[in-house]
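> Below: sequence and its predicted model.
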Amino acid sequence: MRPGGDAYKPAMDIPTRLELLNEGEIPAGIEDPATWAARLLEWRRDHGLDPTLDAGVWLAWADWSLSRLRYRAAYADAQAALELRPGWPPAVELRRRIELRAGTHGLL
């Protein structure tokens with residue numbers, strides 16, 4: 001465990017990371033976004049934060065998966081973001097990018 005962090009929250013202050021995630025960006029310095037996002041989702045729910053804000057976590061996770069050519073995972077995560085925030089433009093755009101890239105290779 002790093003100074004300032006615990007099992008459920010990273011060392012960077014939570015409000016800063018939440019703001020980044022609400023915009024669909026994974027903050028810098030995250031080595032394993034999947035594990036980190038799962039812990040953060042749990043922390044957010046434990047603290048009664050608005051579940052629709054979790055859409056940013058799913059979108060960030062989808063973007064990370066897409067950057068590593070994990071198309072099915074990226075698509076599923078983008079869908080999860082859209083279920084929480086229907087029609088959210090960043091999620092719609094990312095889903096289209098995933099469909100275009102994966103569709104070109106027949107991977108969805």
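Cool, got the structure.

> Now do the same contact list for the spatially closest residue to residue 76 that is not a sequence neighbour.
What sits nearest to residue 76 in space, not counting adjacent residues and going by C-beta to C-beta, 6 or more residues apart in numbering, is residue 62, at 7.9 Å. No exception for glycine: its C-beta is placed from N, CA and C like everyone else's. Neighbouring residues of residue 62 by C-beta atoms under 8 Å, 6 or more residues apart in numbering: 73-78, 80-81, 91, 94-95, 98.

> Out of the residues you listed, who's the most crowded?
residue 78 (30 neighbours; other C-beta atoms under 10 Å).

> Show me what whichever strand or helix holds that residue is packed up against.
Residue 78 is part of helix 71-84 when elements are defined by DSSP states H and E. Counting contacts by 3 or more C-beta pairs under 8 Å, 6 or more residues apart in numbering; DSSP states H and E, helix 71-84 packs against helix 54-67, helix 89-105.

> Deepest-packed of the ones you listed, please.
helix 54-67 (a mean of 23; mean count of other C-beta atoms under 10 Å).

> how far is that one from where the chain is centred?
3 Å (C-alpha atoms, centre = their mean, to the nearest Å).

> Please apply the same query to stretch 95-106.
With C-alpha atoms, centre = their mean, you get 19 Å for stretch 95-106.

> So which residues make contact with that stretch?
62, 66, 71-72, 74-75, 78-79, 82, 108.

> redo that, cut-off 10 Å
Under the criterion C-beta atoms under 10 Å, 6 or more residues apart in numbering, residues 59, 62-63, 65-66, 69-79, 81-82, 88, 107-108 lie in contact with stretch 95-106.

> same check, this time on stretch 81-89
Under C-beta under 10 Å, 6+ apart, the answer for stretch 81-89 is 24, 50-63, 78, 90-92, 94-95.
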